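Q: output the structure for:
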Amino acid sequence: MGNNFGNLQKIIDGKRKFAITPYIPGGFILPETLEKIARVTKKYNGVLKITSGQRILITNLEESDLPAIWEELGMEPAVKTQNSVKNVEMCPAGFCKRSKHNTIGIGMKLAKKYQWMDMPCRTKIGVAGCRNACGSVYSKDIGVIADIPGMMVIAGGSAGYNPRLADIIAAELTEEQAIKLVDSIFDYYKENAEAGEKLGFFIDRIGVEKFKNDVLKRVELS
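A: Numbering: from 1, shown residues only. Sure thing, here's the model as predicted:
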């Protein structure tokens, strides 16, 4: 779809319909923005679907309407290229009684730095304020999970065609240390993985102990 960032949906009776997904950082959205999405969707006879990725899919759209829809929304697309960081999913953290740390802040920092960044393969980040890990953080390529002693950084999760549970890379970290370790993991992944290789598959190929040692060597956690 080029710059219209629309995905072709199921073709029924020869009718081609398209879907778009605006970027909603961490799933937090202003009431005014939510109202605007509803208004534009209604105008163009779209259908709304709340996705598992903390976003809103607008589907059942005509291809010719997509440029006008994006202009009226005034929002950016959630996914610009396939092999990139597609989203940073966050739990309510600071609004939740169970959270051990308000991880909304670190989640937004990671989103600001990594959203849309090119990667060897499609990549998701998850952030949670306690070890309940709401948002299925253990199924994300990289995750940050808060606990009372500090933060855990995990890597290699996947919930897709070949499911994989993420490995714990380090624990009891400060927020600053967690961010530095995430940076190290991404740098190492981009430098060494094969094109199209998911982070979890890359870890399995080189071995989790080598992966841990190599990414931890790059950061000072003491």
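
Q: pLDDT weak spots in this structure?
A: 1-2, 222 (pLDDT under 70).

Q: can you give me the strands in it?
A: Assigned by DSSP state E, the chain shows strands spanning 7-8, 18-20, 47-50, 56-61, 85-90, 123-128, 142-147, 150-155, 167-173.

Q: which one of those strands lies closest to residue 216?
A: strand 167-173 (6.5 Å; Cβ to Cβ). Any C-beta I mention is one placed from the backbone N, CA and C, and that applies to glycine too.

Q: show me which parts of the closest one are buried, residue by residue.
A: Buried residues in strand 167-173, counting neighbours by 16 or more other Cβ atoms under 10 Å, are found at 167, 169-170, 173.

Q: swap in stretch 127-145?
A: Across stretch 127-145, burial judged by 16+ other Cβ under 10 Å covers 127-130, 133-135, 137-145.

Q: same deal with stretch 204-215?
A: 211-212, 215.

Q: alpha carbons only: can I get it in PDB?
A: C-alpha atoms of stretch 204-215 as PDB (Å, rounded to 0.1, in the frame of the first residue of the first chain):
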ATOM      1  CA  ASP A 204      18.700 -20.700  20.200                       C
ATOM      2  CA  ARG A 205      21.200 -20.800  17.300                       C
ATOM      3  CA  ILE A 206      24.100 -19.300  19.300                       C
ATOM      4  CA  GLY A 207      23.100 -20.600  22.800                       C
ATOM      5  CA  VAL A 208      21.500 -18.700  25.600                       C
ATOM      6  CA  GLU A 209      24.600 -18.700  27.800                       C
ATOM      7  CA  LYS A 210      26.700 -17.200  25.000                       C
ATOM      8  CA  PHE A 211      24.000 -14.600  24.400                       C
ATOM      9  CA  LYS A 212      23.700 -13.700  28.000                       C
ATOM     10  CA  ASN A 213      27.500 -13.400  28.400                       C
ATOM     11  CA  ASP A 214      28.000 -11.300  25.300                       C
ATOM     12  CA  VAL A 215      25.200  -8.800  26.000                       C
END
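
Q: can you name the residues in contact with it?
A: With contacts defined as Cβ atoms under 8 Å, 6 or more residues apart in numbering, stretch 204-215 is touched by 155-156, 164, 167, 169-170, 181, 184-185, 188, 192, 197, 202-203.

Q: swap in stretch 52-59?
A: Residues from elsewhere that reach stretch 52-59, judged by Cβ under 8 Å, 6+ apart: 9, 17-24, 26-27, 37, 40-41, 46-51, 69, 78, 86-87, 89-90, 124, 135.

Q: next, count neighbours for the nearest residue to residue 134 once chain neighbours are set aside.
A: Counting by Cβ to Cβ, 6 or more residues apart in numbering, residue 134 lies nearest to residue 91, which is 4.1 Å off, once chain neighbours are set aside. Using other Cβ atoms under 10 Å, residue 91 has 27 neighbouring residues.

Q: one more: residue 32?
A: Using other Cβ under 10 Å, residue 32 has 8 neighbouring residues.

Q: contacting residues for it?
A: Counting by Cβ under 8 Å, 6+ apart, residue 32 has no contacts.
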